[in-house]
Every structure is written in C-alpha cells, then in structure tokens.
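Undergrad: Sharing a sequence plus its predicted fold:
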Amino acid sequence: NAGVTQTPKFRVLKTGQSMTLLCAQDMNHEYMYWYRQDPGMGLRLIHYSVGEGTTAKGEVPDGYNVSRLKKQNFLLGLESAAPSQTSVYFCASSPSGTSYEQYFGPGTRLTVT
Amino acid sequence: AQSVTQLDSHVSVSEGTPVLLRCNYSSSYSPSLFWYVQHPNKGLQLLLKYTSAATLVKGINGFEAEFKKSETSFHLTKPSAHMSDAAEYFCVVRYSGGYQKVTFGTGTKLQVIP
C-alpha cells in the first residue's frame, strides 16, 4: 500500500514549456485534489475531482488543466509554464464524507525559469 | 463566508515548555476540523481530527486539541515541546454540503529553542 504518490519529484521548466504531473493513489478514494504551496500562503486548491471522469475548478485554476480518466490517477497539466507557477505542488486524496481526512503525496517542486 | 484563521504565523518556545497554536474558524455548519504537520521539505501528515464526537481530541506525538463551538476555536496544544516538533502546522476545516469544501489556514511555523 503506497498511499499517494507523485511523479516527478523535481522539475525545471523554461517559460512556455508544458508538462504533466501525475498523482496516483491506491486507497480507492473518491476525491482527489491538486494544491500549490507558496511561502506564507498555506495550500491553495487548484482543481479537484469528486469521482472518475469528473473535475472542477478550485481557488487558483488559471493556467492549469486536469484529467481523471481512471479513479486512481489525477493528472495536472501546465500548457504554457510561467515563472508565477514556480511552486511546490501537492496531490491529496480522501474518501467521500466530511469526517475523513485527506492523504497527501510527497510533493513536486517545480521551477519555471 | 467559510474561513480558517491561524492567529500566529510564527511561534517560538523553549524545549520542555508548553506549545499553543491557535486556530479559529467561521462556519454556518458543523465542520470537521483537522491539524496537519509539515516538516521541512516533506508532505503533510495528519496530527489529529475532530468529527463531532469528543470535544477534546488526542493526536500523535503528544498533541491534543479542544473544539470550542462557542469560541469557534480549535487550538492545538502540547504539554512539553521537543526539538523534533519544529515544523509548520496547518489548521484545516472541512464543511458539509456541496463538495465538502476543504479550507486551509495559512500555517504556523513552530520554532523550538534548545
């Protein structure tokens, strides 16, 4: 049982390049989330999914797209990277139900130059 | 509006002294409340959670928190700080209704002085 895994762990992009971050969970959770973490701002929700085939915008969705074709995977795409997207990205998953906590991946550190 | 406020961005304590990290929330509904810890360059780990059972919740590593509805607070405490407690702590609220919105506080960095 690996929990939540993220690929890659580190990445450096040039402005305008694209990339996809992969999140995988093996706990059969319905909900999955993508956050970004910047100093002094806590975690901000980018996009989330409440089930396979569904996605929705969070607090800071601009410049990102997501897909959830399989229940266990949640992909975050950057079509044209900008320096403002330099951040640490965390994926999380949880069961449906307000009493359940989120389980977090180890994070991806992305630098856009 | 639903929000979470962590009242201190930085807290500094001496090793062996008590820890108090403050969290207030606003909500029209009964929320579930969580505290997470993040050590440097690591992911987030759940410390404890409140889900409308006992108002005093015990978590890992000697931490506990008390849910006070009248004060809309969920402060995190520990009787005696260890060096290993130095980390950033996040108060998180999950609300019923809709997609069960999750809101993070901005975090409190705990420094433990030897």
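TA: Done, it's in.
Undergrad: buried residues in stretch A:21-36?
TA: Residues of stretch A:21-36 classed as buried: A:21, A:23, A:24, A:25, A:29, A:30, A:31, A:32, A:33, A:34, A:35, A:36 (neighbour count, 16 or more other C-beta atoms under 10 Å in any protein chain shown). In this view, the C-beta of every residue, glycine as well, is placed from N, C-alpha and C.
Undergrad: ok, which pair from those is furthest apart?
TA: A:30 and A:36 (22.2 Å; C-beta to C-beta).
Undergrad: I figured residue B:32 was touching residue B:53, is that so?
TA: No - if you go by C-beta atoms under 8 Å, residue B:32 and residue B:53 don't touch, sitting 10.5 Å apart.
Undergrad: Between those two, point out the one with more neighbours.
TA: Applying other C-beta atoms under 10 Å in any protein chain shown to residue B:32 and residue B:53 shows that residue B:32 carries more neighbours, namely 21 against 9.
Undergrad: For the more buried one, give me phi and psi.
TA: In terms of degrees, to the nearest 10, the main-chain angles of residue B:32 are phi -100, psi 140.
Undergrad: Can you pull the residues of chain B lying near chain A?
TA: Within chain B, the positions lying close to chain A (C-beta under 8 Å from any C-beta of the partner chain) are B:9, B:31-32, B:34, B:36, B:42-46, B:49, B:51-52, B:90, B:92, B:94-96, B:99-100, B:102, B:104-107.
Undergrad: hmm, which of those are the buried ones?
TA: Among the residues of chain B next to chain A, the ones that count as buried (16+ other C-beta under 10 Å) are B:31-32, B:34, B:36, B:43-44, B:46, B:49, B:51, B:90, B:92, B:94-95, B:100, B:102, B:104-105, B:107.
Undergrad: Could you list which of the buried residues of stretch A:21-36 also contact chain B?
TA: Contacts with chain B within these, as defined by C-beta under 8 Å from any C-beta: A:31, A:33, A:35.
Undergrad: In a helix, the second one, correct?
TA: No - assessed by DSSP: H, G, I helix; E, B strand; the rest coil, residue A:33 does not belong to a helix; its assignment is strand.
Undergrad: What about the residues of chain B next to chain A, which are in strands?
TA: When DSSP state E is applied, the residues of chain B next to chain A are split such that B:32, B:34, B:36, B:44, B:45, B:46, B:49, B:90, B:92, B:94, B:102, B:104 fall in strands.
Undergrad: Tabulate these (CSV), appending pLDDT.
TA: Shown next, in CSV, are those (pLDDT from 0 to 100):
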residue, pLDDT
B:32, 87
B:34, 94
B:36, 96
B:44, 93
B:45, 93
B:46, 94
B:49, 92
B:90, 96
B:92, 93
B:94, 86
B:102, 83
B:104, 90
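Undergrad: Sweet, I'm off.
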